[in-house]
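Asks: here is a sequence together with a model predicted from it:
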Amino acid sequence: MSSESANLKGTALTELHISLGAKMVPFAGFNMPVLYTNLIQEHHTVRNDVGVFDVSHMGEFFVEGPNAYELIEYVTSNDVSALTDGRVQYSCMPNDEGGIVDDLLVYRYNEHKYLLVVNAGNIEKDFAWISSHNAKFGAKLSNHSDDYSLLAVQGPKATQTLQKLTSVNLSDIPYYHFTMGEMAGLQEVIISNTGYTGAGGFEIYVKNADAKKMWEAIFTAGADAGIKPIGLGARDTLRLEKGFCLYGNDIDDATSPIEAGLGWITKFNKPFVNWEYHKKIKDDKPTKKLVGFKLIDKGIPRQHYPVCDENGTKIGEVTSGTMSPTLNEAIGLAYVPSGISSPGSTLYIEVRGKLLKGEVTKIPFV
């Protein structure tokens, strides 16, 4: 074992992934399965049937008390007042420099209890950031990231698979809603109609001690649906086909949510951290925008590849790119000047010294 591997954290299911022959890689400080068999096959399994991701590396913070709402409303960009009990909201936390601390999910249990789900690589940074602002709100803020396992059961056959394990009517849980219920004989399971694949399905939160039991129950229930374990490689191609942003690629501590096309989660009906900066970008119109594109010429775009005009002058940068398994086309996301951000606009991606022609396209790609 390398010194790097020795310093990586594992999930409650790490040994199980290794026993299944998964290729394990360092990701956000964790030893995670990137694939089990074949990325293309795993991708199609989720698009067409049902697959299970171990995403227990994600972080979970509980915010409780009379001022929980006020704290979350201030540190996040979306309108928390729009939440009702059992609803989930996608949002981001702006920083003081005009960028984003992280994107996250906000779960409302009731007016005095919320769950924040954050990205694995940002757990310590996020908790410190929220804590720094909590000094003036006094909410009870607790980090339970090491206590929970998270299984994302995704695909068109996910609901029928999970329904076998619970008396909760999963069809009654709308998209971006959740409930607490019994599943696979386990009590107080968080059953959330959310996901990062665009293929439908649920995310299931259990205590670490129950993770293996839940995993095994799900695979037994999904045997007739062709269920398979899925690695993070396919999670990335699936989310990119839907145009979902990945923190560290498409959004980061220097990008405004307005530039990233996240105006729909940036509400100016209330003040939040650095809100005047982003309001000015919105009012003045952003000078650059995150767009989707497809390559016309043959090649595969990758993160940090230059985006150029027809003369080879760099005008932007690819933030995410891949060969879409569903479309069998090269697709990507990139920041470009607003003047060429409309669908149909021509751009060029520099790949190994060659300019490959591409076209701005609407997202989602699939």
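Replies: Looks like it arrived, so ask away.

Asks: poorly predicted segments of the protein, please.
Replies: 1-6 (pLDDT under 70).

Asks: domains in it, by residue range?
Replies: Here the domain parsing of the chain from automatic domain parsing is 3-58+147-241, 59-143, 287-361.

Asks: residue nearest the centroid of the protein?
Replies: Taking Cα atoms, centre = their mean, the centroid of the chain lies closest to Tyr196, which sits 5.2 Å from it.

Asks: confirm for me that that one is in contact with Leu238.
Replies: Yes: if you go by Cβ atoms under 8 Å, Tyr196 and Leu238 touch, sitting 7.4 Å apart. Yep, even glycine has a C-beta here, placed from its N, CA and C like the rest.

Asks: what about the strands in the stretch 101-250 of the chain?
Replies: Under the criterion DSSP state E, counting those that start in this stretch, strands of the stretch 101-250 of the chain are mapped to 113-118, 140-143, 148-154, 178-183, 186-192, 201-207, 228-229.

Asks: coming back round to it: could you find the closest non-adjacent residue to the residue nearest to the centre of the chain?
Replies: Among residues not flanking Tyr196 along the chain, Arg239 sits closest, at 5.0 Å (Cβ to Cβ, 6 or more residues apart in numbering).

Asks: go on, Lys113?
Replies: Distance criterion Cβ to Cβ, 6+ apart; nearest residue to Lys113, sequence neighbours excluded, is Glu64 at 4.9 Å.

Asks: who touches the one you found in this structure?
Replies: Glu64 sits next to His112, Lys113, Tyr114, Ala139, Lys140, Ser142 when contact means Cβ atoms under 8 Å, 6 or more residues apart in numbering.

Asks: for the strand or helix carrying Leu347, name the packing helices and strands.
Replies: Using DSSP states H and E, Leu347 sits within strand 346-351. Identification of packing neighbours for strand 346-351 by 3 or more Cβ pairs under 8 Å, 6 or more residues apart in numbering; DSSP states H and E yields strand 288-295, strand 306-308, strand 314-324, strand 329-337, strand 354-361.

Asks: format these as TSV; extra columns: distance to Phe202.
Replies: Listed next are these as TSV, based on distance: least, Cβ to Cβ, whole Å:
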stretch	distance to Phe202
strand 288-295	27
strand 306-308	37
strand 314-324	25
strand 329-337	26
strand 354-361	30
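
Asks: how far away from the center of its chain is stretch 13-23?
Replies: On the basis of Cα atoms, centre = their mean, to the nearest Å, stretch 13-23 sits 23 Å off its chain's mean C-alpha point.

Asks: would you mark the buried spots in that stretch?
Replies: By 16 or more other Cβ atoms under 10 Å, the buried positions in stretch 13-23 come out as Leu13, Thr14, Leu16, His17, Ala22.

Asks: now stretch 205-213
Replies: Using 16+ other Cβ under 10 Å as the test for burial, stretch 205-213 gives Tyr205, Val206, Asp210, Ala211.
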